[in-house]
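Asker: give me a 3D structure for the following:
(4 chains)
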Number of protein chains: 2
Amino acid sequence: MPGTERRAWEVVLESIEADLLSGRLSPGDHLPAERALAADLGVGRSSVREALRVLEVLGLIRTAAGSGPSAGAIIVALPGGGMSALMRLQVAAQGFPVADVVKTRLILEAAVVADLAGASARPDLAGSAQLLDAMDSPALTEAEFLALDTQFHLSLATASGNQVITATMAGLRSAIEGYARAGALGLASWAETSARLRGEHRAILAAIATAEPALARERVVAHIEGYYAETHDHPLHA
Amino acid sequence: MPGTERRAWEVVLESIEADLLSGRLSPGDHLPAERALAADLGVGRSSVREALRVLEVLGLIRTAAGSGPSAGAIIVALPGGGMSALMRLQVAAQGFPVADVVKTRLILEAAVVADLAGASARPDLAGSAQLLDAMDSPALTEAEFLALDTQFHLSLATASGNQVITATMAGLRSAIEGYARAGALGLASWAETSARLRGEHRAILAAIATAEPALARERVVAHIEGYYAETHDHPLHA
DNA sequence: GCGGCGGGTGTGGTCTGACCACAGTACACG
DNA sequence: CGTGTACTGTGGTCAGACCACACCCGCCGC
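Answerer: Got it, this is the predicted structure:
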C-alpha cells in the first residue's frame, strides 16, 4: 500500500486529530503525558514532541511544566496565534504578497462592517468606541496609536461573532504589522494622517450605529485603500 | 528583563524568521543542516527539529533526506498545506464553528467572482471550464464529484491571482471536507442535487464571462447557501 | 580511454537515555 | 493541628547513536 509510509510525528498528529474528531478529546481536556503517548503509539518521545510543538504553534494546545491540573498539554483551540504565525512567516518568506494581504483584509473587513450595520440586533460596539476614545489621547506615540488601531479593527471582527474571520483578521494584521510601522515613518505628517484616521474610524462606527451597510462598507474601503496608498505610493489594485 | 526566557525551539524559529525578513534566506534557498544549525544557535538538534517541523507544517519549508541539491530543508512558501492543517484542526477542536467557516468562504468567494467578472482583462477560466466538463461524467462517485467541486471553486480563487485568498479558500474547504462528504450521504436524491450543482456552476462561470459582477456574486451566494441549507436542515444565518 | 558500479559521505528521521526546572502533593515532624 | 520538606510526575532540553537514503567520486574491469 503506497503512501502508508508516514513519518512518526505524523502518526502522532493524525492520532490526536482522530481523537478530536471522534470526541475522545475536547477543549479543556488533557492530553496524555508525552512519555505515555510515545509508548501508546509506539514511537519515540521526540516524535511526540514534534507533533505537540506543531499543535502548540497552531494554537490547539497549551503546554505547562510542573504538576497539577494546570500542567501538561491542554486542548485550548485558540486560532489567533497560529494564524498570526502562519501569515507572518508566509509574508516573510514571500509566499504572501503584502498587497494580497491588504486586499483580503479589505474584503473581510468590508463584509464585517456591512454585516454589523445590517444586523437585525444592534451589535455591541462599546469596546470599539472605547478604543477610539483611547486613540484621541495626544500623548500617544506612533507605535501605540497603531497598536490601538489594530485592536479597533480587530474589535469589529470580534463583534461579528465569526471566529474564523476574527482569527484570520488577526493573522492578516500581524502579517503586515511591520509594514504598517515602516510606512508610518515615511509619512509627510503623522499628526495630520492620524487625525484623519481618527475621523474615519468614528465615521465607520457611526455608519454601523445608524444601520447603513452600504455606507459602512464604502467608508471601510476608503479607509484602508487610503492608508495603503499613502504609505506605499502606488495604488492597491493593479 | 522579563519575557526573555524563550524556549530553545522558539529561538530557532525566530532566527529563521529574522533571516527571512532580512533577505539572508529566500525561497529556493537551503537551510543549514540540522546539526550545523544546532551548533550555530547553541541548542540541541532536537530543538532545531521541533522548529523545522513547525515550519514544514506551516508550508514554509520542504525537507528531504539523502544528498544532493534536492536534499535538506528548502524554503518553499507554499501556504496551502499549512492553512489546511490549521483550519482542519481548529474545526476538529471546535475552535472554528462550521457555520463560520462556510460564512467566511461565502464572503471570500463572492468577492472573488465579483472581482473576476469586473476585471478589465477577461480572466483565464479555461481550467475552471475543464473541471466542469469533467464533472459532467455520469460515472463519477459522490466523492469524486465533490473532489472536482473543490477543485473548481479553488480554481476560481486561483484565477483571481490573490495568494492569500487562494490559500485561505483551500484551508476553509479542507476544513469542512468531512462535513461536505457526510452531508452528501444524507441527501434525498444525489442525482438531482448534483445536476442542480452542475447547472449552478455553469451559471456562475457564465456570469463571469459576460462581465456581470453583481449577478456572479448573487449566484455564488445562492449556490453556497443552497447547498448548506440542503445538507444541514437549517439556515446559514442566524 | 571509457563505462559502470560500489563504497564514501552527508542528509534527514528516529529512538534512547539522561538530566533539569518546576509545581503540586503527601507525608513526617514539630 | 499546622507547617514545611521530600517526593513524584510533568514538560524542556541535550547528547549520542543508529538507520535509510541519495548523490558523487573514484576505482576497477573492459
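Asker: mind listing what's buried in the worst-scoring helix or strand of chain A on mean pLDDT?
Answerer: Ranked by mean pLDDT, DSSP states H and E, the helix or strand of chain A with the weakest confidence is helix A:177-185, at a mean of 90. The neighbour-count check on helix A:177-185 (16 or more other CB atoms under 10 Å in any protein chain shown) flags A:177, A:179, A:180, A:183, A:184 as buried. Placement of C-beta: from N, CA and C, glycine included.
Asker: how about it and chain B, touching?
Answerer: Yes - using CB under 8 Å from any CB of the partner chain, helix A:177-185 comes into contact with chain B via residue A:178.
Asker: between the buried residues of helix A:177-185, which is closest to residue A:50?
Answerer: Taking CB to CB as the measure, residue A:177 is the one of the buried residues of helix A:177-185 closest to residue A:50, at 28.4 Å.
Asker: quick one: the closest residue in space to the closest one that isn't next to it in sequence and residue A:186, what's the gap?
Answerer: Distances taken as CB to CB, 6 or more residues apart in numbering or on different chains place residue A:150 nearest to residue A:177, at 7.3 Å, with adjacent residues excluded. Residue A:150 is 19 Å from residue A:186, where distance means CB to CB, to the nearest Å.
Asker: the two - which one has more neighbours?
Answerer: Comparing residue A:150 with residue A:186 by other CB atoms under 10 Å in any protein chain shown, the one with more neighbours is residue A:150, at 17 against 11.
Asker: just checking, that one touches residue A:171?
Answerer: No - between residue A:150 and residue A:171 there is no contact under CB atoms under 8 Å: 11.9 Å.
Asker: could you pull out the strands in chain A for me?
Answerer: Along chain A, the segments classed as strands by DSSP state E run A:61-64, A:72-75.
Asker: can you say which of those is packed in most?
Answerer: Of all these, strand A:72-75 has the most neighbours on average by mean count of other CB atoms under 10 Å in any protein chain shown, namely a mean of 20.
Asker: what is that one packed up against?
Answerer: Other elements packing on strand A:72-75 under the criterion 3 or more CB pairs under 8 Å, 6 or more residues apart in numbering or on different chains; DSSP states H and E are helix A:45-57, strand A:61-64.
Asker: mind checking pLDDT for the residue nearest to residue A:177?
Answerer: For residue A:150, the model assigns a pLDDT of 97.
Asker: how much space separates residue A:227 from residue A:170?
Answerer: Relative to residue A:170, and taking CB to CB, residue A:227 is found at 18 Å.
Asker: now do the domain split for chain A, please.
Answerer: Chain A breaks down by automatic domain parsing into domains covering A:8-75, A:80-232.
Asker: what's next to stretch A:77-84, contact-wise?
Answerer: The list of residues contacting stretch A:77-84 from outside it, by CB atoms under 8 Å, 6 or more residues apart in numbering or on different chains, reads A:27, A:57-60, A:62, A:163-164, A:166-168, A:170-171, A:174-175, B:86, B:90, B:93-96.
Asker: should've said stretch A:176-193
Answerer: Stretch A:176-193 has contacts (CB under 8 Å, 6+ apart) with A:88, A:91, A:98, A:101-102, A:105, A:142-143, A:146, A:150, A:227, A:230-232, B:21.
Asker: which residues in chain A form helices?
Answerer: A:8-22, A:34-41, A:45-57, A:79-92, A:98-118, A:126-135, A:142-160, A:163-175, A:177-185, A:190-209, A:213-232 (DSSP state H).
Asker: between the ones you listed, which gets the lowest average pLDDT?
Answerer: When I compare those, helix A:177-185 is least confident, with a mean of 90.
Asker: let me know the pLDDT of the residue nearest to residue A:65 when sequence neighbours are not counted.
Answerer: Leaving aside its sequence neighbours, residue A:65 sits nearest to residue A:71 (CB to CB, 6+ apart; 6.4 Å). You'll see residue A:71 listed with a pLDDT of 95.
Asker: OK, contacts around the residue nearest to residue A:227 when sequence neighbours are not counted?
Answerer: The shortest distance from residue A:227 to any non-neighbouring residue, by CB to CB, 6+ apart, is to residue A:197 (7.0 Å). Counting by CB under 8 Å, 6+ apart, residue A:197 makes contact with A:149, A:223, A:227.
Asker: from those residues, pick the one nearest DNA strand D.
Answerer: residue A:149 (32.9 Å; CB to the nearest atom of the strand).
Asker: follow-up on the earlier one: with only the CA atoms kept, save the least confident helix or strand of chain A in CSV.
Answerer: Provided in CSV are the C-alpha atoms of helix A:177-185 (Å, rounded to 0.1, in the frame of the first residue of the first chain):
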residue,chain,number,x,y,z
GLU,A,177,2.4,44.9,11.2
GLY,A,178,6.0,45.5,10.3
TYR,A,179,5.0,47.2,7.0
ALA,A,180,2.5,49.4,8.8
ARG,A,181,5.1,50.6,11.2
ALA,A,182,7.6,51.2,8.4
GLY,A,183,5.0,53.0,6.4
ALA,A,184,4.1,55.4,9.2
LEU,A,185,7.7,56.6,9.5
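Asker: up against DNA strand D, what does chain A have?
Answerer: A:31, A:33-36, A:45-46, A:49, A:52, A:63-67, A:71-73 (CB under 7 Å from any atom of the strand).
Asker: just the buried residues from these, in PyMOL please.
Answerer: Remark: buried members of the residues of chain A next to DNA strand D, expressed as a PyMOL selection using 16+ other CB under 10 Å:
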select buried, chain A and resi 31+34+49+52+63+72+73
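Asker: which ones among the residues of chain A next to DNA strand D also lie next to DNA strand C?
Answerer: A:45, A:46, A:65, A:66, A:67, A:71.
Asker: quick check on the fifth one: phi, psi?
Answerer: The phi and psi values for residue A:67, taken as degrees, to the nearest 10, are phi -140, psi 170.
Asker: hmm, back to that, would JSON lines of the helices and strands packed on strand A:72-75 with distance to residue B:78 be doable?
Answerer: Converted to JSON lines, the helices and strands packed on strand A:72-75 look like this (distance: least, CB to CB, whole Å):
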{"stretch": "helix A:45-57", "distance to residue B:78": "16"}
{"stretch": "strand A:61-64", "distance to residue B:78": "25"}
